[in-house]
Structures are given as structure tokens and as C-alpha cells.
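Engineer: Curious how this folds, go ahead:
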Amino acid sequence: KHRANIVRANPCADAVADEALRCALTGLVRGGDLVAPPSGGDVALRYIRDRVNVPRDMSLHAARRMRTALEATAALAGDGEGPPIPETNRRDQDPRAFLPVS
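Structural biologist: Model (predicted):
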């Protein structure tokens, strides 16, 4: 459920963001055996890396491991960065997409 929301919120194409996220998570589960993401996956992964929220999303240790996996996988695709984090608002952190639908 949350994977779909993370992919939908990403500025990259859904297919690219989804495959890139799967590549990063595969590397995390395999203990560092990295899988190259698709072209443009570097931007998608760094967008997620910059927006992992501690402690809302996960514990500090888990977030560090996740960010490390996202960056290591993104480095295989290139050096593109996601859009900068807004300083005037945080609408990119809208939690409504993650709430149960009633």
C-alpha cells in the first residue's frame, strides 16, 4: 500500500520510480548486492532518500540503512538529484495519501 503512494508522490515516472525502489530494496535485503536501477532512477531514489522521515517513517537505524541503500543504488545510475526540499512549505510530506480510506 505505501509503496504505491511513495511511487505516486515521486516526481519521476511511476515505472522508473517503482523499479528503482525495487532495485534499492533488493540490495538492502541482499546485504549490499546491488542491482542497477533504470535510467532516471538516480533522481527517483535521491528524492526518496531526502524525504525519509525519522521517527515518523522508521527508526533511526533503519533509516540510516535505507538511506545508504538508496544512495548506493542511485550512484549506479548517475549523479542526478531530486528537486530541492521546499523551505516555505512541506506539501511534499502530505500524510493524507497514507491514511486509511473511510
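Engineer: Check the secondary structure at the closest residue to residue 45 other than its chain neighbours for me.
Structural biologist: Nearest non-adjacent residue to residue 45, counting by Cβ to Cβ, 6 or more residues apart in numbering: residue 74, 3.9 Å away. (Glycine included, C-beta is placed from N, CA and C.) Taking DSSP: H, G, I helix; E, B strand; the rest coil as the rule, one finds residue 74 in the helix state.
Engineer: Quick one, grab the pLDDT at residue 74.
Structural biologist: At residue 74, the model reports a pLDDT of 96.
Engineer: go on, the one 3 residues further on?
Structural biologist: You'll see residue 77 listed with a pLDDT of 94.
Engineer: For it, give its distance to residue 48.
Structural biologist: Going from residue 77 to residue 48 by Cβ to Cβ, to the nearest Å gives 13 Å.
Engineer: same thing with residue 57?
Structural biologist: Taking Cβ to Cβ, one finds residue 57 at 10 Å from residue 48.
Engineer: more crowded one of the two?
Structural biologist: Legend: neighbour count by other Cβ atoms under 10 Å for residue 57 and residue 48, higher for residue 48 (22 against 14).
Engineer: tell me which residues of the helix or strand hosting that one are tucked away?
Structural biologist: Assigned by DSSP states H and E, residue 48 belongs to helix 41-51. By neighbour count with 16 or more other Cβ atoms under 10 Å, helix 41-51 contains the buried residues 41-49, 51.
Engineer: ok, the residues you listed vs residue 61, which is closest?
Structural biologist: Residue 61 has its nearest neighbour among the buried residues of helix 41-51 in residue 49, at 15.8 Å by Cβ to Cβ.
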